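Chemist: my questions are about this predicted structure, shown below with the sequence.
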Amino acid sequence: MHTHVVEATSLSSGTRIKGFIACFAAGILCSLLGTLLLWVPRKGLYLFAVFYTFGNIASLGSTAFLMGPMKQLKRMFEPTRLIATIMVLLCFALTLCSAFWWHNKGLALIFCILQSLALTWYSLSYIPFARDAVKKCFTVCLA
């Protein structure tokens, strides 16, 4: 009984869909804004790293509206996507550390790229056999 209470959401399905769309759109907007800010002299790469990361966090968080935050957290840390989840969260943190504390533009850019790759791998874990197909494709291409 307790599990059902924790996983349940008090939002209606319409509100959840609106929340998902709003949060996902905000994430895309942040990422696009970050890309535009990339060209600002001296601070552009830092702004890009921050907005791009916050955009990805918002996009990732948007799915919590669809399945509920507890269910999403449980699914994120299932064995099949545990490493991908850790990599995504680590890349988020390292991107922001590169921008704010280490002031290293090169590292910030590398971690933004790794963020994209980690998020892609994470997202593929929700599509049956998608990771296997990608692995097979790379194996064939690199052979």
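Modeler: Cool, the structure landed.
Chemist: could you point out which element follows the helix or strand of the chain with the lowest mean pLDDT?
Modeler: Least confident element among the helices and strands of the chain, by mean pLDDT, DSSP states H and E: helix 2-7 (a mean of 46). Sequence order places helix 13-37 as the next helix or strand after helix 2-7, per DSSP states H and E.
Chemist: what are the boundaries of the helices in this structure?
Modeler: 2-7, 13-37, 44-67, 69-76, 82-100, 105-124, 130-142 (DSSP state H).
Chemist: separation between the closest residue to Tyr122 other than its chain neighbours and Trp121?
Modeler: In space, and not counting its chain neighbours, Tyr122 is closest to Ala84: 4.0 Å by CB to CB, 6 or more residues apart in numbering. The way it works is simple: take the backbone N, C-alpha and C, and place the C-beta from them, glycine included. Ala84 sits 5 Å away from Trp121, taking CB to CB, to the nearest Å as the criterion.
Chemist: before we move on, back to that, and among the helices of the chain, the most buried is which?
Modeler: Comparing the helices of the chain on average neighbours per residue, with mean count of other CB atoms under 10 Å, the densest one is helix 44-67 at a mean of 20.
Chemist: could you list every helix and strand in contact with that one?
Modeler: helix 13-37, helix 69-76, helix 82-100, helix 105-124 (3 or more CB pairs under 8 Å, 6 or more residues apart in numbering; DSSP states H and E).
Chemist: a markdown table for those, including distance to Gly44 and mean pLDDT?
Modeler: Shown next, in a markdown table, are the helices and strands packed on helix 44-67 (distance: least, CB to CB, whole Å; pLDDT from 0 to 100):
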| stretch | distance to Gly44 | mean pLDDT |
| --- | --- | --- |
| helix 13-37 | 6 | 94 |
| helix 69-76 | 32 | 93 |
| helix 82-100 | 11 | 95 |
| helix 105-124 | 9 | 93 |
